[in-house]
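A.B. asks: build me a structure from this.
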Amino acid sequence: MRANTNSFFVYVLSISILYILVSCNSQPENDENYYFPVKDLFSEKTYCFVNLNDTTEKAFWKTKTYVSDNDTFLQTTISDKKDGIMDETLEKISNGDSKLISYTLNDYDDKGNKFTSQSMIIDSSLFKSNQKIGEKIQWKIRYKNFRSTDTCEFSKIRTLVKTDRNLKTFSDQMKIEDLKTKRSHCYSVTMIYQKNLGLASYEMMFPEGGNKNFIFISSK
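C.D. replies: Presented below is the predicted three-dimensional model:
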């Protein structure tokens with residue numbers, strides 16, 4: 001299993017995942033300015049990112065906002081040209097906070113057959129309003145292994161590490177663990193959010209060496 005390390009996020013999120021946050025070193029004027037512009041996404045919008053280390057590799061984050069029973073939700077689908085849809089997330093936006101509602105993971109075999117695993121949400125914090133530098137938030141999901149009946153956990157611990165006038169920089173620690181065998185795969189992601197844009201770049205760094213540095217190039 002590739003463990004979906006080409007996506008993020010995810011959100012990642014993130015998904016997310018897909019995300020996020022505080023304005024400047026003083027009190028923020030509006031945290032949402034640094035997240036995906038939820039109010040502008042009632043019409044579907046796709047963000048395109050390219051890996052600077054291999055410009056043939058692109059990632060597409062398809063986002064859309066909708067309202068149900070006066071609650072605001074953000075859907076994000078992360079895909080690439082090689083494999084297709086990898087992660088699908090749904091989050092609830094409320095009072096400046098974002099909570100993970102659902103996370104669907106996808107994987108593909110060598111013949112292109114798709115495998116899907118629905119997850120159970122253990123921790124759900126994607127975004128906390130006015131997150132302080134050094135403060136940590138976490139989301140965690142539990143799902144069935146694509147190739148066996150084992151249960152796995154996928155988690156992200158996010159720390160705000162830097163702010164300036166237009167950017168927020170986060171350090172995300174990702175971990176995927178098979179709860180039966182206790183085997184795990186960890187990697188880190190540096191994610192940068194830009195005011196009034198949302199996610200501007202994300203760099204994935206793997207313990208075995210190598211990295212993938214995706215930057216935003218366009219949206220439609």
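A.B. asks: alpha carbons only for contacts and neighbour counts from here, please
C.D. replies: Will do.
A.B. asks: list the contacts for residue 106?
C.D. replies: Contacts of residue 106 were listed using C-alpha atoms under 8 Å, 6 or more residues apart in numbering, and they are 4, 85-87, 114-117.
A.B. asks: sorry, that was for residue 219
C.D. replies: Going by C-alpha under 8 Å, 6+ apart, residue 219 touches 45-48.
A.B. asks: how about residue 40, phi and psi?
C.D. replies: Main-chain torsions, residue 40, degrees, to the nearest 10: phi -100, psi 10.
A.B. asks: and for it, the neighbour number?
C.D. replies: The number of residues packed near residue 40 is 11, by other C-alpha atoms under 10 Å.
A.B. asks: picking up where we left off before, list just the nearest of the contacts of residue 219 to residue 134.
C.D. replies: Each of the contacts of residue 219 was checked against residue 134 using C-alpha to C-alpha; the closest is residue 47, at 28.3 Å.
A.B. asks: and the closest one, what element?
C.D. replies: In this assignment (DSSP states H and E), residue 47 forms part of strand 45-51.
A.B. asks: sheet partners, orientation included, of that strand?
C.D. replies: Sheet pairing of strand 45-51 (DSSP bridges) gives strand 54-68 (antiparallel), strand 211-219 (antiparallel).
A.B. asks: what's around residue 151, how many residues?
C.D. replies: Neighbourhood size, residue 151 [other C-alpha under 10 Å]: 15.
A.B. asks: that one: what's its closest spatial neighbour, skipping adjacent residues?
C.D. replies: Excluding the flanking residues, the one nearest residue 151 by C-alpha to C-alpha, 6 or more residues apart in numbering is residue 144, at 4.6 Å.
A.B. asks: residues contacting that neighbour?
C.D. replies: 117-119, 150-152.
A.B. asks: got a quick PyMOL command for the buried subset of the residues you listed?
C.D. replies: With 16 or more other C-alpha atoms under 10 Å as the criterion, this PyMOL line picks the buried residues out of the contacts of residue 144:
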select buried, resi 117+119+152
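A.B. asks: looking at the contacts of residue 144, which are in strands?
C.D. replies: The strands, defined by DSSP state E, take in 117-119, 151-152 from the contacts of residue 144.
A.B. asks: where does pLDDT dip in the chain?
C.D. replies: Within the chain, the stretches with pLDDT under 70 are 1-36, 82-83.
A.B. asks: please repeat the previous calculation with a cut-off of 50.
C.D. replies: Low-confidence segments of the chain (pLDDT under 50): 1-3, 5, 7-29.
A.B. asks: hey, where'd the strands end up in it?
C.D. replies: Secondary structure of the chain (DSSP E): strands at 45-51, 54-68, 71-80, 84-94, 97-108, 114-127, 136-144, 151-163, 167-178, 184-194, 198-205, 211-219.
A.B. asks: for the longest one, buried residues please.
C.D. replies: Put plainly, it is strand 54-68. For strand 54-68, by 16+ other C-alpha under 10 Å, it's 57-66.
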